[in-house]
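Student: here you go, sequence then predicted model.
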Amino acid sequence: MLAVQNPPRKRWTRAEYERLEAAGIFDQQRVELIEGELIDKLAKTRREIVASSMMIGWLLEVFGAKRWSYAAPVDIAPEDNPRNQPQPDMISLTRECSETRYWTNAPQPQDLDLVVEIADTSLAFDLTIKAALCTRAGFVEFWVLDVPGRRLIVHGDPENGQYGSVIAYNEHENLAPLAAPNSTFQAQTVFPK
């Protein structure tokens with residue numbers, strides 16, 4: 001008898017994922033749908049949790065309480081939507097999240113000023129799979145906070161399914177998000193001294 005080395009996997013659609021979510025299957029677990037697979041978002045390290053808390057404080061200060069969201073599902077490029085429903089760690093919206101359309105629909109790419117992922121163990125995934133989804137969607141600015149590297153990797157200028165600019169800022173360098181050019185950020189503000 002031959003052993004199956006690569007057993008078949010169940011690839012989920014967004015519609016199936018949303019039905020499972022509505023049924024309460026994920027009440028005790030935070031998952032996101034990426035390329036038809038369910039990815040566990042709760043597996044955060046202590047360092048990611050602390051960095052996230054510090055980043056939330058900065059986002060509140062810069063964008064205010066009504067223009068940002070934590071772990072909210074977003075829409076992406078139409079061709080990717082059937083098998084994907086990413087939930088970035090943080091997003092900044094172009095308008096206040098209290099608008100009626102956000103009560104029933106996920107934000108569209110044009111609704112997002114900034115998308116942020118906090119990465120410790122998920123760094124390679126965020127810089128490849130997640131970045132590819134973000135660029136195909138045309139997210140204007142995608143930040144990946146590299147916790148072990150104590151740096152911020154900023155993706156910008158999406159065009160033809162690729163980011164034209166990918167810059168790594170060390171923890172001491174200042175940068176400003178496109179949507180808030182008068183507000184500066186240094187990665188060291190979210191890391192322990």
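Tutor: Nice, thanks for sending it over.
Student: OK, contacts around Thr13?
Tutor: Residues near Thr13 by Cβ atoms under 8 Å, 6 or more residues apart in numbering: 36, 82-83. For every residue, glycine as well, the C-beta is placed using N, CA and C.
Student: for PyMOL, write the selection for the buried entries among the residues you listed.
Tutor: Selection of buried members from the contacts of Thr13 for PyMOL, criterion 16 or more other Cβ atoms under 10 Å:
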select buried, resi 36+83
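Student: among the contacts of Thr13, which one sits closest to Asp120?
Tutor: Among these, Gly36 lies closest to Asp120 (Cβ to Cβ), at 24.7 Å.
Student: and the closest one, how far from Arg11?
Tutor: 3 Å (Cβ to Cβ, to the nearest Å).
Student: where do the contact lists of those two overlap?
Tutor: Residues touching both Gly36 and Arg11 by Cβ under 8 Å, 6+ apart: Arg83.
Student: tell me the helix or strand right after the longest helix that the chain contains.
Tutor: Counting residues, the longest helix in the chain under DSSP state H turns out to be helix 46-63. Of the helices and strands lying after helix 46-63 in sequence (DSSP states H and E), the nearest is strand 68-70.
Student: what pairs with the following helix or strand past that following strand, parallel or antiparallel?
Tutor: Beyond strand 68-70 in the direction of the C-terminus, DSSP H and E gives the next helix or strand as strand 90-93. For strand 90-93, sheet partners with direction are given as strand 68-70 (antiparallel), strand 112-119 (antiparallel), following DSSP bridges.
Student: out of the contacts of Thr13, which one sits closest to Tyr102?
Tutor: Compare each of the contacts of Thr13 with Tyr102 using Cβ to Cβ and the shortest gap goes to Pro82, at 21.7 Å.
Student: right, I'll leave it there.
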